[in-house]
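> sharing a sequence plus its predicted fold:
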Amino acid sequence: MDLTHAREYAQKAMPQVIDDLRTLVGHSSIAFPGFPREPMDAIAEDLLAMFRRAGVEGVRLLDLGEGAYPSIFAEIPGPEGSPVVTLYAHYDVQPAPEGQGWTTDPWTLTEKEDGRLYGRGAADDKSGVVAHLATLAAFDGKPPVTVRLVIEGEEETGSHIEEYVENHAEDFRSDVFVVADSGNQRVGAPALTTGLRGDVSVTVTIRTIESALHSGLFGGAAPDALVAMIQLLSSMYDEHGATVIEGLDSYRWPEGEDIDEADFRASAAVLEGVELSGTGHLASRLWSRPAATVIGIDAPPVAGASNIVIPEATARVSVRIVPGSDPKAQLDAVETHLREHAPRGVQLEIGDVKLFGAWQAPQGGPVTQLAEQCLGDAFGAPCTSHGSGGSIPLVQVLLDTSPGSEAILWGAEDEEKARIHGPDESVDPKELEDLVVAQILLLSRLGEQKA
């Protein structure tokens, strides 16, 4: 399918695309512990029906083992000798708790005056799901390449699919992996994501005394575990808020690919007068330098607090590691830092370790170059590249099944306004439409390269 026909198709398909997105956003498909399973099973059934409607007759659920949420899988044979392309996205979403700041119902797709569509998962990553759905429907079940479809249900939390892929590598071997779980920095400015930071997460517990003590009688000499935790956590940062854990990999992102600070401040909704963390090249701070975040602390809440010296404190630390780094070596660096900086002989325990590998695209990959052309043609503007501070653990696992393969990361989650994981998450319909065009072009042009 050429550019003209792909664009005509995408324009006509958009009402159905939006209707499908409305259905998916209506499911509170949260895979985190403690949330009900019913929405996950219900959305999986809707997805099976949607992909069958798009001509994917053999679509099915993958059995990922006990306690796992369903993933959608299909293989659609293409012409003999054509490349094998895996299309990946995920349908699980972040929670949208009351008090987060939503101005609309997060589980109802809502169009506002700005033309964007609001709802939890509207961008991350149900936009990627409906993009794949519309792309496959364009070929009515007969794509120009062999397509393997993978729609995951646990990307936002602990996933079972990585182990499944490792144990069934032959089912996932592909020449190209198209991951629709990213986006442009700005609306209408096409860009491929060429690097993902990984993640090292640990839970740290400090103990100092056997039980709580009266702060008047014992404070000033009895060691307070929460104070020690604050001191330990602060050791991970310099005076500018930059992460300074010894032994973590870091490098400067290539020249010419930076981020406008004013645009970033607006996108991140940084309060007036508050300085950004770190110094120097902003793209490097976000894409190729490590970043430690304290994502939770267990300590007495302010409500009901009493005058005590605290015996125990626990924190969850997440460290984003740079593309191309060895996650095990980065974990060792984080643990070494925490042990060496634990103050005054406190008892320190580190556990609940999770590792998500980083990924970096090879320079000059032929499929990457083709994808840049397709994205540029679809958006009608030159395509650039950028990094992402986020992590998609499955990317490297998929690539490991297929030496020499390439991964293409793109999507409709623009960093300018989408606000993924936050309140009022949204997607621009034109970004979604142009993504569908780009994917149709990529599959068509890959099909022309068949052996």
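Nice, I can see it. Numbering: from 1, shown residues only.
> what's the spacing between the nearest residue to Asp2 once chain neighbours are set aside and Thr135?
Once flanking residues are discounted, Asp2 sits nearest to Ser444: 7.5 Å by CB to CB, 6 or more residues apart in numbering. Where you see a C-beta, it was placed from the backbone N, CA and C, and this is true even at glycine. Separation of Ser444 from Thr135 (CB to CB, to the nearest Å) stands at 10 Å.
> same check on His160?
His160 is 26 Å from Thr135, by CB to CB.
> what about those two, which has more around it?
Thr135 (28 against 19; other CB atoms under 10 Å).
> for that one, give its distance to Pro83.
15 Å.
> same question for Ala381.
Relative to Pro83, and taking CB to CB, Ala381 is found at 27 Å.
> what do you get for Asn167?
For Asn167 relative to Pro83 (CB to CB), the value is 24 Å.
> which of the two has more residues huddled nearby?
Pro83 (20 against 9).
> hang on, the more buried one packs against Pro143?
No: the pair Pro83 / Pro143 is not scored as a contact, 10.6 Å apart, by CB atoms under 8 Å.
> give me the common contacts of these two.
With contacts taken as CB atoms under 8 Å, 6 or more residues apart in numbering, the residues that reach both Pro83 and Pro143 are Gly447.
> residues near Gly296, how many?
So Gly296, with other CB under 10 Å, has 11 neighbours.
> could you do Ala189 as well?
There are 15 residues near Ala189, going by other CB under 10 Å.
> quick one: contacts for it?
Here Ala189 is in contact with 379, 381, 384 (CB under 8 Å, 6+ apart).
> switch the cut-off to 10 Å
379, 381-384, 386, 414, 416 (CB atoms under 10 Å, 6 or more residues apart in numbering).
> with Leu47 instead?
20, 23-24, 27, 29, 59, 61, 70-72, 91, 126, 129, 133, 151, 153.
> repeat that for Tyr88.
125, 128-129, 132, 148-152, 155, 161, 172, 174, 177-181, 392, 394-395, 398, 407-409.
> helix, strand, or coil at it?
Using DSSP: H, G, I helix; E, B strand; the rest coil, the structure places Tyr88 in strand.
> how close does it get to Ser174?
According to CB to CB, Tyr88 and Ser174 sit 10 Å apart.
> show me the beta-bridge partners of the closest residue in space to Gly324 that isn't next to it in sequence.
What sits nearest to Gly324 in space, not counting adjacent residues and going by CB to CB, 6+ apart, is Gln360, at 4.5 Å. Using DSSP bridges, the bridge partners assigned to Gln360 are Gly195.
> just give me the neighbour total for Gln360.
When neighbours are defined as other CB under 10 Å, Gln360 has 16 of them.
> what's near enough to touch Asp249?
Contacts of Asp249 (CB under 10 Å, 6+ apart): 288-290, 321-326, 329-330, 333, 358.
> that one in helix, strand or coil?
Strictly by three-state DSSP, Asp249 counts as coil.
> separation between it and Gly357?
In terms of CB to CB, Asp249 sits 13 Å off from Gly357.
> related to what we said a few turns ago, pLDDT-wise, what's the bottom of the contacts of Leu47?
Ranked by pLDDT, these bottom out at Pro70, which scores 89.
> about what we covered before: keep only those of the contacts of Tyr88 that are in strands.
Per DSSP state E, strands hold the following members of the contacts of Tyr88: 148-152, 177-180, 407-409.
> from the residues you listed, pick the one nearest Ser284.
When these are compared for distance to Ser284 (CB to CB), Leu409 wins out at 19.1 Å.
> list the contacts of the closest residue to the closest one other than its chain neighbours.
Using CB to CB, 6+ apart and skipping residues adjacent in sequence, the residue nearest Leu409 is Thr193, 3.8 Å away. When contacts are counted by CB under 10 Å, 6+ apart, Thr193 touches 179, 181-185, 287, 359, 361, 385-388, 390, 392, 395, 407-411, 413.
> next up, the contacts around the residue located most distally from the centre of the chain.
Relative to the C-alpha centroid of the chain, counting by CA atoms, centre = their mean, Leu217 is the outermost residue, at 49.1 Å. If you count contacts by CB under 10 Å, 6+ apart, Leu217 has them with 307, 309.
> so which elements touch the longest helix seen in the chain?
When the chain is parsed with DSSP state H, its longest helix is helix 3-25. Applying 3 or more CB pairs under 10 Å, 6 or more residues apart in numbering; DSSP states H and E, one finds that helix 3-25 makes contact with helix 38-53, strand 110-111, strand 117-118, helix 126-137, helix 366-379, strand 426-427, helix 429-447.
> what does the residue farthest from the centre of the chain show for phi and psi?
The phi and psi torsions at Leu217 (degrees, to the nearest 10) take the values phi -80, psi -30.
> for stretch 87-102, list the C-alpha coordinates in CSV.
What follows is stretch 87-102, C-alpha atoms only, in CSV (Å, rounded to 0.1, in the frame of the first residue of the first chain):
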residue,chain,number,x,y,z
LEU,A,87,3.8,-6.1,16.6
TYR,A,88,3.9,-5.4,20.3
ALA,A,89,1.8,-3.2,22.6
HIS,A,90,0.2,-3.6,26.1
TYR,A,91,-3.3,-3.1,27.4
ASP,A,92,-2.7,-2.9,31.1
VAL,A,93,-2.6,0.5,32.6
GLN,A,94,-1.5,2.5,35.7
PRO,A,95,-4.0,3.1,38.5
ALA,A,96,-6.0,6.3,38.5
PRO,A,97,-6.7,6.9,42.2
GLU,A,98,-9.1,9.4,43.5
GLY,A,99,-7.2,12.6,44.5
GLN,A,100,-4.7,12.2,41.6
GLY,A,101,-6.1,15.3,40.0
TRP,A,102,-8.3,14.1,37.1
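> how far does it sit from the chain's center?
In terms of CA atoms, centre = their mean, to the nearest Å, the centre of stretch 87-102 is found 11 Å from the chain centre.
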